[in-house]
Each structure stands twice: as C-alpha cells, then as structure tokens.
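after the sequence you'll find the predicted model.
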Amino acid sequence: MARDYYEILGVDRNASESDIKRAFRKKAMEYHPDRNKAPDAEEKFKEIAQAYEVLSDPQKKQMYDQYGEAGVNGNGFGGSGFSGASFEDIINQFFGDNSPFGDIFGSFGGFGGFGSSRSKSNDEFEPPHVSVEISYVESIIGGQKKVSYKYKKKCTSCNGTGAKNEPNAKQTCSTCNGKGVTLKQMRTPLGVVQTQGYCDACNGEGEIIYKKCDSCKGHKYIDEWKDLTVDIIPGIENRTTIAIQGEGNETRNGKGDLYLTFIVRPSKIFEKDEKDVYVKLLVDPIKAIVGGECEVPTPYGIEKVKIPPYTSPGDKITLSGKGVNSNKRLFKTKGDLIAVVYFTKPKRYSPIEMRELYKLINENNTELSQYIQNAKGELNEK
C-alpha cells in the first residue's frame, strides 16, 4: 500500500521547508528506538526518515507530488532505499557528527555512539554533479546522452592510505588510540552529559601520516575523469535531478552516486502536459471549410492528418501514441499528440478560383442566410 509521506510527518501538503524540518525533529525524537521501546518504533523511525529524505529535497518532493511514491523510488530517481537499510545507517545519515540534526541526539550521549567509526575525510568530497542539456524533443521521446565528469578515485600508489609505502610512514593516533573520536563531558541543568566528536589530533582518521604519498599528497584520493552514457527518461521535466548509483566518488564504504540535473531547452513548437503533447495545426481557412489534408509536426516527425469540412479554430485533432514515449517509471502507456487548429492567412487564389469559392461559401452558409432574412424582416417592421 502506498504511503503518504505528508501524513507520516504530520504536515500539510503546503507545509514550508521549516515546517517539514520541525515536524521531522519532533517525530524522530518520539520514535527513536533508544527512547521509544515499542516493538514497532524502529520501523516507524525508518518511515519518518524516508519521508523526510524525500520531502526535504525540492526535486524529490516535486516528483513525489506529481507521481507519488513511484516517482522517487528506483532506477535513478533518487529512491530513498531505507526499507533495507540498517538503523545505524539511517542514524549515520541524519544524526551523525556532520548532520544538521546532530544536535538533536548529541545531548543524549550520541545514543550508543552511532557515527563514531566514520572518518571525517569521508565527508570532505562533494558528490559529482553534472548539468545535462537536452532538447525538448529528447525530453519527450527519451534517448541517451554522453557526459564527462570528474570524480574522486582511490589513489593506487598508496592504495588509499595517503602514506608512502615505507616503515613508520603513519602511526596510530595516541590521542584517540586509533578510534578517531574523543569523548567529552559537559555539566548541564540535567546533569553531566557525555558527547563524542572527531579527534582533533588526527582529524577523525585514527592515524597520523608522517610521510605523505607523492601522488595524492596524503589525501588518499586523486581526481579522475570519466565518460558515461546516460539514459534520458521520456517525460523528464526541466531541472530534474536524478542519481546514478555507483558512478560517483570512491569511498571507504564503496562508490557514491553521480547526480545529473537535466536542463531542457524550450520549444517553439511543442508543449507537454504530463504524457500528452500539444502542438499548433496551421490550416488555410478555405481548406478548413471544404476539408482536406494538412501536415502537422510531431516529436517523431511530420505527419499528415485529414481535416474534416467546417473545421473551426480551436478544434482539436488527436494523434494517438504520438505524445510522451512510454516509460514505466512515469507512464504506463504512450501519450497522445493534441493538434489545436489555428487559421493561417488565406493563400492567393486566381479570380476564377475566388468566384467559385465565393459561390460555394454563399450557397452553403445557412447561418448567414438566416441572419440576413431575420434582419430583412426586422427592417420591414413599421
């Protein structure tokens, strides 16, 4: 059953970013398993974290508002993926030392010290983020695009240690005894509170490097360029950001994600409305009266359509399956092309053609004839 993330956090759909953050703080405090001993507290806590992870991100929130839970789960849409995550993983993400919510549980002694084994250097690198410019047609029918980006790769010279391959090039930190964290005690009105943080002596590494690697200069990682061909999801909106799993920076915990923001160039021809596409169908007014065949642009090429007699401006002609390409992540079926009739200036006709057209128009226009008859009758009233 689909879950309502707004209901989970207890906020309205028009809630502001600060309202969502405040509601998350409250719910997280209420259902944290170290404070709430109910059997289902951990599962509820995961739901709360997942809801916040989506609603706090403008791009994911937009996709969720438009397509529901399916719009943010799986295959590149930044799916939260907390269903299989451990409780410690969630704590590390939302309440670790570098998290904006670390202050929530810091006063409670870190709740078992989650995050203490993480190295501070793991958080130094921003994930690679690439802007991908695509045409409006590509956003409708999909396709592929080649991107080049720079990411952090583990230094092969030192195997990611940051030190030279020499004796005593690095040693265990004597301040934290290799733990990377130190404990501190503070007196508060509630009593003595114990907190932990990164060791200042080794910067949370647990080791101190005395002889740095010549290749990475002790940073453990080097810059590497990579070319990657990525899929364009049919129906993608302008400035949508997606995550490509495993294509980002190398870390101690595996490879991170690559983030792509798609910039859709505007179109002078087409306009999307979810899975349907609208386009102008320019028709000569004479052809609109007598009927005929016209050409109309579609994202898949120029098509010919039949114009029925007595077509009026604003009439719509539907070309089935010529809209947004089918994509199971967004739409189960292909969209349609809606061609809206607009009159062009009439072409120049010869005098003979004009006489024939004039005769045809006057003979067949019963509305005009009836109008003149009514006018004559009123003029004759005395």
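Received, thanks.

quick one: distance of stretch 260-278 to the chain centre.
15 Å (CA atoms, centre = their mean, to the nearest Å).

make that stretch 202-219, sorry
With CA atoms, centre = their mean, you get 37 Å for stretch 202-219.

how long is that stretch end to end?
Terminal residues of stretch 202-219 lie 13 Å apart, using CA to CA, to the nearest Å.

what's the answer for stretch 208-222, then?
End residues of stretch 208-222 are separated by 19 Å (CA to CA).

residues making contact with it?
121, 125, 152-158, 160-164, 166, 168-173, 201-202, 249-250 (CB atoms under 8 Å, 6 or more residues apart in numbering). Glycine gets a C-beta too; all of them are placed from N, C-alpha and C.

can you give me the helices for the protein?
5-9, 17-31, 41-55, 58-67, 87-95, 102-106, 136-141, 285-290, 351-364, 366-380 (DSSP state H).

mean pLDDT lowest where, among those?
If you rank these by mean pLDDT, helix 102-106 sits at the bottom with a mean of 44.

in JSON lines: the helices of the chain, plus mean neighbour count and distance to residue 230.
Shown next, in JSON lines, are those (neighbours: other CB atoms under 10 Å; distance: least, CB to CB, whole Å):
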{"stretch": "helix 5-9", "mean neighbour count": "20", "distance to residue 230": "27"}
{"stretch": "helix 17-31", "mean neighbour count": "16", "distance to residue 230": "29"}
{"stretch": "helix 41-55", "mean neighbour count": "21", "distance to residue 230": "22"}
{"stretch": "helix 58-67", "mean neighbour count": "18", "distance to residue 230": "16"}
{"stretch": "helix 87-95", "mean neighbour count": "19", "distance to residue 230": "25"}
{"stretch": "helix 102-106", "mean neighbour count": "17", "distance to residue 230": "34"}
{"stretch": "helix 136-141", "mean neighbour count": "22", "distance to residue 230": "12"}
{"stretch": "helix 285-290", "mean neighbour count": "17", "distance to residue 230": "44"}
{"stretch": "helix 351-364", "mean neighbour count": "11", "distance to residue 230": "55"}
{"stretch": "helix 366-380", "mean neighbour count": "9", "distance to residue 230": "57"}
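
please name whichever of these is nearest to residue 185.
Residue 185 lies closest to helix 102-106 among the helices of the chain, at 12.9 Å (CB to CB).

show me which of the contacts of stretch 208-222 are buried.
Buried members of the contacts of stretch 208-222, scored by 16 or more other CB atoms under 10 Å, are 121, 125, 152-155, 158, 160-164, 169-170, 173, 202, 249-250.

which ones among these lie within strands?
Those of those mapping onto strands are 152, 153, 154, 170, 250, per DSSP state E.
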